[in-house]
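Novice: What follows is a protein structure lacking sequence information:
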(Lines give C-alpha, C1' and ligand atoms only; values in the text may rest on other atoms or scores of the structure.)
Protein backbone atom coordinates (compact mmCIF):
# COMPACT_ATOMS: atom_id res chain seq x y z
CA UNK A 1 0.00 0.00 0.00
CA UNK A 2 2.83 2.38 0.86
CA UNK A 3 4.49 1.62 -2.48
CA UNK A 4 1.27 2.48 -4.26
CA UNK A 5 1.00 5.79 -2.42
CA UNK A 6 4.65 6.58 -3.22
CA UNK A 7 4.14 5.84 -6.92
CA UNK A 8 1.01 8.01 -6.94
CA UNK A 9 2.91 10.93 -5.39
CA UNK A 10 5.71 10.60 -7.94
CA UNK A 11 3.16 10.52 -10.75
CA UNK A 12 1.31 13.59 -9.46
CA UNK A 13 4.52 15.52 -8.87
CA UNK A 14 5.54 15.06 -12.51
CA UNK A 15 2.04 15.87 -13.81
CA UNK A 16 1.98 19.10 -15.82
CA UNK A 17 -0.61 21.01 -17.76
CA UNK A 18 0.49 19.28 -20.99
CA UNK A 19 -0.30 15.87 -19.46
CA UNK A 20 -3.73 17.06 -18.34
CA UNK A 21 -4.41 18.48 -21.80
CA UNK A 22 -3.21 15.23 -23.37
CA UNK A 23 -5.59 13.16 -21.23
CA UNK A 24 -8.52 15.48 -22.01
CA UNK A 25 -7.89 15.27 -25.76
CA UNK A 26 -7.75 11.49 -25.64
CA UNK A 27 -10.89 11.32 -23.47
CA UNK A 28 -12.83 13.60 -25.84
CA UNK A 29 -11.63 11.55 -28.82
CA UNK A 30 -12.78 8.29 -27.23
CA UNK A 31 -16.14 9.85 -26.29
CA UNK A 32 -16.85 11.01 -29.84
CA UNK A 33 -15.66 7.67 -31.23
CA UNK A 34 -18.12 5.79 -29.03
CA UNK A 35 -20.86 8.29 -29.91
CA UNK A 36 -20.11 7.80 -33.60
CA UNK A 37 -20.39 4.00 -33.55
CA UNK A 38 -23.33 3.81 -31.14
CA UNK A 39 -26.23 1.92 -32.65
CA UNK A 40 -24.15 0.48 -35.52
CA UNK A 41 -22.59 -2.89 -36.23
CA UNK A 42 -19.21 -1.40 -35.39
CA UNK A 43 -19.99 -1.92 -31.69
CA UNK A 44 -19.89 -5.70 -32.12
CA UNK A 45 -16.72 -5.44 -34.20
CA UNK A 46 -15.07 -3.29 -31.54
CA UNK A 47 -16.00 -5.80 -28.83
CA UNK A 48 -14.48 -8.57 -30.93
CA UNK A 49 -11.23 -6.63 -31.33
CA UNK A 50 -11.09 -5.98 -27.58
CA UNK A 51 -11.52 -9.72 -26.92
CA UNK A 52 -8.68 -10.52 -29.34
CA UNK A 53 -6.41 -7.97 -27.66
CA UNK A 54 -7.26 -9.42 -24.26
CA UNK A 55 -6.39 -12.92 -25.48
CA UNK A 56 -3.10 -11.60 -26.83
CA UNK A 57 -2.32 -9.96 -23.47
CA UNK A 58 -3.07 -13.18 -21.58
CA UNK A 59 -0.91 -15.16 -24.01
CA UNK A 60 2.00 -12.82 -23.34
CA UNK A 61 1.57 -12.91 -19.56
CA UNK A 62 1.30 -16.72 -19.45
CA UNK A 63 4.07 -17.18 -22.07
CA UNK A 64 1.87 -19.23 -24.38
CA UNK A 65 4.41 -19.32 -27.18
CA UNK A 66 2.16 -20.43 -30.02
CA UNK A 67 -0.55 -17.85 -29.32
CA UNK A 68 2.10 -15.20 -28.69
CA UNK A 69 3.74 -16.02 -32.02
CA UNK A 70 0.41 -15.81 -33.85
CA UNK A 71 -0.52 -12.46 -32.32
CA UNK A 72 2.96 -10.99 -32.81
CA UNK A 73 3.13 -11.90 -36.49
CA UNK A 74 -0.54 -11.35 -37.19
CA UNK A 75 -0.81 -7.84 -35.71
CA UNK A 76 -0.07 -6.03 -39.03
CA UNK A 77 -2.82 -8.03 -40.76
CA UNK A 78 -5.14 -7.33 -37.82
CA UNK A 79 -4.49 -3.60 -38.19
CA UNK A 80 -5.34 -3.69 -41.91
CA UNK A 81 -8.44 -5.77 -41.16
CA UNK A 82 -9.57 -3.21 -38.59
CA UNK A 83 -9.28 -0.41 -41.16
CA UNK A 84 -11.32 -2.43 -43.66
CA UNK A 85 -13.96 -3.44 -41.12
CA UNK A 86 -14.35 0.10 -39.76
CA UNK A 87 -14.25 1.76 -43.18
CA UNK A 88 -17.87 3.12 -42.98
CA UNK A 89 -17.27 4.49 -39.48
CA UNK A 90 -13.93 6.07 -40.46
CA UNK A 91 -15.62 7.66 -43.44
CA UNK A 92 -18.37 9.03 -41.22
CA UNK A 93 -15.76 10.35 -38.75
CA UNK A 94 -13.90 12.24 -41.48
CA UNK A 95 -17.22 13.54 -42.81
CA UNK A 96 -18.18 14.79 -39.34
CA UNK A 97 -14.79 16.50 -38.93
CA UNK A 98 -15.23 18.25 -42.25
CA UNK A 99 -18.65 19.53 -41.20
CA UNK A 100 -17.59 21.03 -37.87
CA UNK A 101 -19.11 24.48 -37.54
CA UNK A 102 -15.84 26.35 -36.77
CA UNK A 103 -14.17 24.85 -39.85
CA UNK A 104 -17.16 25.64 -42.04
CA UNK A 105 -17.15 29.23 -40.81
CA UNK A 106 -13.45 29.61 -41.63
CA UNK A 107 -13.95 28.12 -45.08
CA UNK A 108 -16.82 30.47 -45.82
CA UNK A 109 -19.76 28.18 -45.04
CA UNK A 110 -21.25 29.58 -41.83
CA UNK A 111 -23.79 27.46 -40.00
CA UNK A 112 -27.38 28.25 -40.80
CA UNK A 113 -26.80 29.38 -44.38
CA UNK A 114 -29.46 27.76 -46.54
CA UNK A 115 -31.22 26.12 -43.58
CA UNK A 116 -34.14 28.56 -43.73
CA UNK A 117 -34.73 27.87 -47.42
CA UNK A 118 -34.50 24.12 -46.86
CA UNK A 119 -37.01 24.33 -44.01
CA UNK A 120 -39.43 26.31 -46.16
CA UNK A 121 -39.20 23.76 -48.97
CA UNK A 122 -39.79 20.86 -46.58
CA UNK A 123 -42.78 22.61 -45.01
CA UNK A 124 -44.29 23.25 -48.44
CA UNK A 125 -43.84 19.58 -49.32
CA UNK A 126 -45.30 18.42 -45.98
CA UNK A 127 -48.36 20.67 -46.38
CA UNK A 128 -49.00 19.35 -49.89
CA UNK A 129 -48.56 15.72 -48.85
CA UNK A 130 -50.74 16.21 -45.77
CA UNK A 131 -53.56 17.71 -47.84
CA UNK A 132 -53.51 14.70 -50.18
CA UNK A 133 -53.09 12.16 -47.34
CA UNK A 134 -49.77 10.90 -48.69
CA UNK A 135 -47.44 9.41 -46.08
CA UNK A 136 -43.86 10.64 -45.77
CA UNK A 137 -40.74 10.34 -43.63
CA UNK A 138 -38.11 13.07 -43.88
CA UNK A 139 -34.96 12.76 -41.77
CA UNK A 140 -32.72 15.71 -40.90
CA UNK A 141 -29.19 14.68 -40.02
CA UNK A 142 -27.56 16.71 -37.24
CA UNK A 143 -24.32 16.01 -35.35
CA UNK A 144 -24.61 12.22 -35.38
CA UNK A 145 -23.69 10.90 -38.82
CA UNK A 146 -26.30 8.80 -40.63
CA UNK A 147 -24.15 7.33 -43.36
CA UNK A 148 -25.35 3.85 -42.37
CA UNK A 149 -28.94 4.98 -42.94
CA UNK A 150 -28.09 6.55 -46.30
CA UNK A 151 -26.48 3.27 -47.38
CA UNK A 152 -29.86 1.50 -47.11
CA UNK A 153 -31.49 3.77 -49.68
CA UNK A 154 -30.84 5.21 -53.13
CA UNK A 155 -28.20 7.93 -53.40
CA UNK A 156 -29.50 11.23 -54.76
CA UNK A 157 -27.33 14.12 -53.47
CA UNK A 158 -29.65 16.70 -54.96
CA UNK A 159 -31.16 20.04 -54.07
CA UNK A 160 -34.04 20.04 -51.59
CA UNK A 161 -37.23 21.28 -53.23
CA UNK A 162 -40.88 20.74 -52.37
CA UNK A 163 -41.57 19.36 -55.83
CA UNK A 164 -38.73 16.84 -55.57
CA UNK A 165 -39.92 15.61 -52.17
CA UNK A 166 -43.52 15.35 -53.39
CA UNK A 167 -42.34 13.26 -56.33
CA UNK A 168 -40.37 10.90 -54.08
CA UNK A 169 -43.34 10.22 -51.79
CA UNK A 170 -45.93 10.10 -54.56
CA UNK A 171 -48.01 6.92 -54.21
CA UNK A 172 -46.60 4.33 -56.58
CA UNK A 173 -43.07 5.74 -56.54
CA UNK A 174 -40.42 3.06 -55.85
CA UNK A 175 -39.04 5.20 -53.00
CA UNK A 176 -42.25 6.37 -51.31
CA UNK A 177 -42.22 3.72 -48.55
CA UNK A 178 -38.76 4.67 -47.27
CA UNK A 179 -37.34 7.80 -45.66
CA UNK A 180 -35.67 10.76 -47.32
CA UNK A 181 -32.41 11.86 -45.70
CA UNK A 182 -31.40 15.53 -45.67
CA UNK A 183 -27.89 16.57 -44.68
CA UNK A 184 -27.47 20.32 -44.23
CA UNK A 185 -29.14 21.64 -47.40
CA UNK A 186 -28.78 18.55 -49.61
CA UNK A 187 -31.09 15.60 -50.17
CA UNK A 188 -28.59 12.77 -49.72
CA UNK A 189 -30.72 9.66 -50.23
CA UNK A 190 -34.30 8.39 -50.44
CA UNK A 191 -35.99 5.08 -49.78
CA UNK A 192 -33.91 4.63 -46.62
CA UNK A 193 -34.78 2.04 -43.99
CA UNK A 194 -34.99 3.24 -40.37
CA UNK A 195 -34.79 1.12 -37.20
CA UNK A 196 -38.18 0.48 -35.61
CA UNK A 197 -38.81 1.35 -31.99
CA UNK A 198 -40.42 -1.21 -29.71
CA UNK A 199 -44.01 -0.70 -28.56
CA UNK A 200 -44.23 1.74 -25.65
CA UNK A 201 -46.07 0.71 -22.47
CA UNK A 202 -49.49 2.37 -22.25
CA UNK A 203 -49.41 3.49 -25.89
CA UNK A 204 -51.71 2.09 -28.53
CA UNK A 205 -50.36 0.46 -31.64
CA UNK A 206 -48.19 2.89 -33.55
CA UNK A 207 -47.86 2.94 -37.30
CA UNK A 208 -44.64 1.93 -38.98
CA UNK A 209 -43.66 5.52 -39.81
CA UNK A 210 -44.03 6.71 -36.22
CA UNK A 211 -42.13 3.67 -34.89
CA UNK A 212 -39.36 4.24 -37.43
CA UNK A 213 -39.10 7.91 -36.49
CA UNK A 214 -38.93 7.07 -32.78
CA UNK A 215 -36.42 4.29 -33.41
CA UNK A 216 -33.98 6.61 -35.18
CA UNK A 217 -34.32 9.49 -32.70
CA UNK A 218 -33.71 7.12 -29.79
CA UNK A 219 -30.32 6.22 -31.30
CA UNK A 220 -29.07 9.72 -32.07
CA UNK A 221 -29.89 13.41 -32.43
CA UNK A 222 -31.67 13.25 -35.79
CA UNK A 223 -34.96 15.07 -36.34
CA UNK A 224 -37.67 13.23 -38.30
CA UNK A 225 -40.75 14.74 -39.91
CA UNK A 226 -43.71 12.37 -40.33
CA UNK A 227 -46.80 12.83 -42.48
CA UNK A 228 -49.51 10.32 -41.60
CA UNK A 229 -51.07 8.52 -44.53
CA UNK A 230 -54.28 7.79 -42.60
CA UNK A 231 -54.94 11.11 -40.89
CA UNK A 232 -52.78 13.58 -42.79
CA UNK A 233 -51.37 14.89 -39.48
CA UNK A 234 -47.86 16.32 -39.53
CA UNK A 235 -45.63 15.22 -36.64
CA UNK A 236 -42.03 15.80 -35.62
CA UNK A 237 -39.84 13.32 -33.74
CA UNK A 238 -36.78 14.35 -31.73
CA UNK A 239 -34.90 12.73 -28.84
CA UNK A 240 -37.37 9.86 -28.61
CA UNK A 241 -40.47 12.11 -28.46
CA UNK A 242 -43.17 12.77 -31.01
CA UNK A 243 -44.89 16.16 -31.37
CA UNK A 244 -48.17 15.60 -33.22
CA UNK A 245 -50.65 17.78 -35.05
CA UNK A 246 -48.29 20.62 -35.96
CA UNK A 247 -49.44 23.52 -38.08
CA UNK A 248 -47.02 25.23 -40.46
CA UNK A 249 -46.04 27.95 -37.96
CA UNK A 250 -45.14 25.56 -35.15
CA UNK A 251 -43.42 23.20 -37.58
CA UNK A 252 -41.31 26.06 -38.91
CA UNK A 253 -40.34 27.24 -35.42
CA UNK A 254 -39.34 23.78 -34.23
CA UNK A 255 -37.32 22.92 -37.33
CA UNK A 256 -35.45 26.21 -37.32
CA UNK A 257 -34.74 25.83 -33.60
CA UNK A 258 -33.56 22.22 -33.84
CA UNK A 259 -31.53 22.65 -37.03
CA UNK A 260 -29.76 25.81 -35.93
CA UNK A 261 -31.19 28.22 -38.45
CA UNK A 262 -32.19 31.85 -37.93
CA UNK A 263 -35.82 32.35 -36.83
CA UNK A 264 -37.89 34.95 -38.60
CA UNK A 265 -38.32 38.25 -36.71
CA UNK A 266 -41.19 38.15 -34.25
CA UNK A 267 -41.39 34.35 -34.19
CA UNK A 268 -40.73 32.11 -31.21
CA UNK A 269 -38.59 29.01 -31.73
CA UNK A 270 -40.69 26.57 -29.68
CA UNK A 271 -43.81 27.55 -27.73
CA UNK A 272 -43.30 26.63 -24.08
CA UNK A 273 -46.65 24.87 -23.50
CA UNK A 274 -46.07 22.79 -26.61
CA UNK A 275 -42.62 21.71 -25.45
CA UNK A 276 -43.91 20.68 -22.03
CA UNK A 277 -46.58 18.51 -23.60
CA UNK A 278 -44.01 16.26 -25.30
CA UNK A 279 -44.70 13.27 -23.07
CA UNK A 280 -48.43 13.64 -23.56
CA UNK A 281 -47.88 13.86 -27.31
CA UNK A 282 -46.32 10.43 -27.30
CA UNK A 283 -49.05 8.99 -25.12
CA UNK A 284 -51.71 10.41 -27.37
CA UNK A 285 -50.70 8.27 -30.34
CA UNK A 286 -53.73 6.39 -31.60
CA UNK A 287 -54.10 3.23 -33.56
CA UNK A 288 -54.25 5.23 -36.73
CA UNK A 289 -50.93 6.54 -38.10
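Specialist: That came through, no problem. Computed from a prediction, not measured in an experiment: that's the story for all the values here.
Novice: Other residues contacting the strand or helix carrying residue 211?
Specialist: Element membership for residue 211 (DSSP states H and E) is helix 208-219. Outside helix 208-219, the residues that touch it by CB atoms under 8 Å, 6 or more residues apart in numbering are 38-39, 135-137, 139, 144, 149, 179, 194-197, 206, 222-224, 226, 228-229, 235, 237-242, 285, 289. Quick note: C-beta positions are derived from backbone N, CA and C, even for glycine.
Novice: quick one: the spatially closest residue to residue 127 that is not a sequence neighbour and residue 232, what's the gap?
Specialist: Once flanking residues are discounted, residue 127 sits nearest to residue 248: 6.1 Å by CB to CB, 6 or more residues apart in numbering. Residue 248 sits 13 Å away from residue 232, going by CB to CB, to the nearest Å.
Novice: Please apply the same query to residue 74.
Specialist: Look at residue 74 and residue 232: by CB to CB, they are 59 Å apart.
Novice: cool, residue 172 as well?
Specialist: Relative to residue 232, residue 172 is positioned 18 Å away (CB to CB).
Novice: Residue 237 reaches residue 226, doesn't it?
Specialist: Yes. The criterion here is CB atoms under 8 Å, and residue 237 meets it with residue 226 at 6.5 Å.
Novice: quick one on the thing from earlier: C-terminal to the helix holding residue 211, what's the next element?
Specialist: strand 223-227.
Novice: Low-confidence ranges, the stretch 51-200 of the chain, go.
Specialist: Across the stretch 51-200 of the chain, the ranges flagged by pLDDT under 70 are 86, 88-113, 199-200.
Novice: All the helices of it, residue numbers only.
Specialist: Assigned by DSSP state H, counting those that start in this stretch, the helices in the stretch 51-200 of the chain fall at 65-85, 87-98, 101-106, 115-131, 147-150, 162-168.
Novice: Just tell me which of those ends up closest to residue 22.
Specialist: Taking CB to CB as the criterion, residue 22 comes closest to helix 87-98 out of these, the separation being 19.6 Å.
Novice: what helices or strands is the helix or strand containing residue 21 leaning on?
Specialist: If you go by DSSP H and E, residue 21 is part of helix 17-37. If you count contacts as 3 or more CB pairs under 8 Å, 6 or more residues apart in numbering; DSSP states H and E, helix 17-37 packs onto helix 87-98.
Novice: let's go with 10 Å and repeat that
Specialist: When contacts are defined as 3 or more CB pairs under 10 Å, 6 or more residues apart in numbering; DSSP states H and E, helix 17-37 packs onto helix 42-61, helix 87-98.
Novice: Tell me what angle it forms with helix 42-61.
Specialist: Our comparison of helix 17-37 with helix 42-61, counting by axes from the mean of the first three to the mean of the last three CA atoms, to 10 degrees, yields an angle of 130 degrees.
Novice: Who has more neighbours out of residue 172 and residue 232?
Specialist: The neighbour count for residue 172 versus residue 232, taken as other CB atoms under 10 Å, is higher for residue 232 (14 against 5).
Novice: For the more buried one, what are phi and psi?
Specialist: In terms of degrees, to the nearest 10, the main-chain angles of residue 232 are phi 80, psi 0.
Novice: any idea how far it lies from residue 77?
Specialist: Distance, residue 232 to residue 77, by CB to CB: 56 Å.
Novice: thinking again about what came up before, state the mean pLDDT of the helix holding residue 211.
Specialist: Helix 208-219 shows a mean pLDDT of 87.
Novice: Which parts of this structure belong to which domain?
Specialist: With domains defined by automatic domain parsing, the chain comprises 2-106, 115-283.
Novice: which of these is buried the deepest?
Specialist: Greatest average neighbour count among the domains of the chain goes to domain 115-283 (a mean of 18), per mean count of other CB atoms under 10 Å.
Novice: From residue 65, how far off is residue 58?
Specialist: Computed as CB to CB, the residue 58 to residue 65 distance reads 13 Å.
Novice: meant to ask about residue 71
Specialist: Residue 71 is 11 Å from residue 65, by CB to CB.
Novice: what does residue 137 give?
Specialist: Between residue 137 and residue 65 the computed distance is 57 Å (CB to CB).
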